[in-house]
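A.B. asks: Predicted structure and sequence below. I'll ask about it afterward.
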Amino acid sequence: MSDACCTPGAPAVAPEAEQAPPAAIWQVRELQMAAASGVLLLASLFVATTALQWAALLTGAATFVPATLRALIKGRLGVGLLMTVAATGAVLLGEYGEAATLAFLFAVAEGLEGYAVARTRHGLRALLDLVPPTARVLRGGAEADVAPAELRVGDVLVVRPGEKLATDGVVTSGRSALDTSVVTGESVPTEVGPGAEVFAGTVNGAGALEITVTATAAGNSLARLVHIVHEAQERKGASQRLAERFARPLVPGVLVLAALIAAAGSLLGDPDVWIERALVVLVAAAPCAFALSVPVAVVAAIGAASKAGVLIKGGAAVEALGKVKIVALDKTGTLTRNQPTVIDVVAAPGADREQVLAVAAALEARSEHPLAAAILAARPGPEAADGVEAVPGNGLLGSVGGHPARLGRPGYLDPGPLAADVARLQDAGATVVLVEHDEVLLGAVAVRDELRPEAAEAVAMLRRQGIEVVMLTGDNARTAAAIAAQAGLTDVRAELLPADKARIVTELKARGPVAMVGDGINDAPALATADAGIAMGVMGSDVAIEAADVALMGEDLRRLPDAIAHTRAARGIFTQNLLMSGGILVALVPLAATGVLGLATVVAAHELAEVLVIGNGIRAGRRTRLPRHPARRAADHTRPNPAPQAAGAPASGRTLLPIAATTTGAAQIAGTSNDGVR
């Protein structure tokens, strides 16, 4: 580690593959050597012999001198070189105790540094331990236990209640609830059934499942997550680059400065005094603490966020997200569920709810339009209508029960006595379709892509952080305004094309750093334009993860303000580190050059600073700002739905459907505008 912190081309922290993290701090080789060196050095205080001092020196130096010499052969200059030269000079001056003290303290700092970085990196690697040691598969008509590495695409996994999933797949049989908190950070179990996509490391609930494998152990979502984050940890932010730009030229600069002090002082005074001071300057100016100020904090922050379902792609993303002053939110799939639901059925005089839904479902039975999934979820299993034809831009027509039937937008069909209800529902942000059977208007069906239950809370959390929130959507202004009102938003930009969103993000950047939150694909221009692009709900989606600087793996929008709070804290920590380590350098060098501080004092101060920087940086890995939020239900937030029919009221045919009853089985489909155009 002695040269990694400020050697051009060297990683800021040791790659994971180079060093398996120790189980306990006393198992670190450098710390074991440092302890032995310290014991020998302490013994030399009671037994006046240079042999013990030499033993202490050689034991401590063994932790950094060999690596320093190997780096020097390759043309790399690092902090270890400064320490090696200083120790060698102290020996030449006969200050064996000073040299041994330097080697001991630097060995301690090296050991603590290596341990801290290894443990921080290993925290993310531990995600892979969530995969069970064996997996139960169906082969040849019988169950067999195999290692996860032996799983092949197409195998059928048998997962019993309480067991972990060994890899990604699709449920082919059974229903259950999966605990996905280890991957997405969400505490609410996810209901799954046939056709549902499931991911490695999640924990099965009370039901048995059969799952068709879609990814090997090496290529599943958990392995990809670990790989992407390890790559992200190498991406450097502006502060990290600043620290490195400062540290890299400092090493040769300090060597030149020390040589000048020794030469000039020798001409003007006692050479022994000035050479000793030059050696002390070498130690005082070692920039390792400065170079480590940002990387340790960034690595810790990224690792902690990934465990909470927030994938942050490098130090630059940590900085960008931590500076955000404006958040632009896409509507569909971000503020809303991207799952249109029937929220109301209004029956015309002489008809009832069941008739309206039965005819609508019959016409939509074979349709792939977003409205169809919502209507079929409210009225499953209809008999398909005969001779169904699409009327582009208007709706459908066909035959139900031997009589002509039509379904379509207001304007294509005359709302007649339901005109006021249609206008009211559209004002509430719903898409309304009218249903006609045998040339008689039966009623209207209102469908809306519902606001996420936690959306209003998330917006309020952002505002408490002093962040301005804007909604960007391609939907029509009426629907956008209704959704924005539910979420507590006042700045709404509607009817936008992807290029329009990118343009607005550019305009917003004039007022401060902007984060754009979208689906990672359709919003790609805006995500790329923003200071921080954030993809929402992308577990298992390589495209979305690659498109954004930050990816929220789960569906809980409250993770957005959590992530901003987390990165703000991380930025504060590495700013503290930069100021602290830089201030120590500025203070120590002149004091060392003027002889106020001796070698032992400077060594102790310098290495203590390095330990403090590492310890402070590790604080960025705390998850106090990434809590598990309690589940929110659709009924938990206020939304301007039409008022429900009072008990005992005359049968006007108007029925408000329970949200929970209408969402079952609905597909993840795109939102629609409230004109019902196909």
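C.D. replies: Structure received.

A.B. asks: What lies in contact with stretch 472-479?
C.D. replies: The contact list for stretch 472-479 (CB atoms under 8 Å, 6 or more residues apart in numbering) reads 328-332, 426-427, 429-431, 480, 483, 492-498, 501, 504-505, 516, 526, 671, 673-675. In this view, the C-beta of every residue, glycine as well, is placed from N, C-alpha and C.

A.B. asks: Quick check on those residues: which are buried?
C.D. replies: 328-332, 426, 429-431, 480, 483, 492-494, 496, 501, 504-505, 516, 526, 671, 673-675 (16 or more other CB atoms under 10 Å).

A.B. asks: about what we covered before: what about the contacts of stretch 472-479, which are in helices?
C.D. replies: Of the positions in the contacts of stretch 472-479, Gln426, Asp427, Ala480, Ile483, Pro498, Lys501, Ile504, Val505, Ala526 sit in helices, assigned by DSSP state H.

A.B. asks: Make a markdown table out of those residues and add distance to Val596.
C.D. replies: Formatted as a markdown table, the ones in helices among the contacts of stretch 472-479 follow (distance: CB to CB, whole Å):
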| residue | distance to Val596 |
| --- | --- |
| Gln426 | 79 |
| Asp427 | 77 |
| Ala480 | 67 |
| Ile483 | 67 |
| Pro498 | 63 |
| Lys501 | 60 |
| Ile504 | 58 |
| Val505 | 54 |
| Ala526 | 57 |
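
A.B. asks: Among those, which one lies nearest to Ala206?
C.D. replies: Ile483 (35.4 Å; CB to CB).

A.B. asks: and the spatially closest residue to the closest one that is not a sequence neighbour, what does it touch?
C.D. replies: Excluding its sequence neighbours, the residue lying closest to Ile483 (CB to CB, 6 or more residues apart in numbering) is Gly429, at 5.4 Å. By CB under 8 Å, 6+ apart, the residues touching Gly429 are Arg448, Arg478, Thr479, Ala480, Ala481, Ala482, Ile483, Gln486, Asn674.

A.B. asks: that older thread, narrow the buried ones among the contacts of stretch 472-479 to those in strands?
C.D. replies: Judged by DSSP state E, the buried ones among the contacts of stretch 472-479 include Ala328, Leu329, Asp330, Thr431, Val492, Arg493, Met516 as members of strands.

A.B. asks: can you pull the contacts of the nearest residue to the third one once chain neighbours are set aside?
C.D. replies: Spatially, and ignoring its direct neighbours in sequence, Asp330 is nearest to Gly518 (4.0 Å; CB to CB, 6+ apart). For Gly518, the set of contacting residues under the criterion of CB under 8 Å, 6+ apart consists of Asp330, Gly333, Thr334, Lys501, Ala526, Leu527, Gly533, Ile534, Ala535, Met536.

A.B. asks: how about 10 Å then?
C.D. replies: Listed by CB atoms under 10 Å, 6 or more residues apart in numbering, the contact set of Gly518 reads 328-334, 472, 498, 501, 524-527, 530, 533-536, 544, 547-548.

A.B. asks: which stretches of the stretch 251-400 of the chain have low pLDDT?
C.D. replies: When residues are selected by pLDDT under 70, those of the stretch 251-400 of the chain lie in 286-288, 291, 368-370, 393.

A.B. asks: thought Arg76 was touching Val251?
C.D. replies: Yes. With contacts counted by CB atoms under 10 Å, Arg76 reaches Val251, the gap being 9.4 Å.

A.B. asks: Pick out whichever of those two has more residues nearby.
C.D. replies: Val251 (25 against 19; other CB atoms under 10 Å).

A.B. asks: Please report how far that one lies from Ala308.
C.D. replies: 38 Å (CB to CB, to the nearest Å).

A.B. asks: Check Arg464 too.
C.D. replies: 20 Å.

A.B. asks: So between these two, which is more surrounded?
C.D. replies: Using other CB under 10 Å, the more surrounded residue of Arg464 and Ala308 is Ala308, with 22 against 10.
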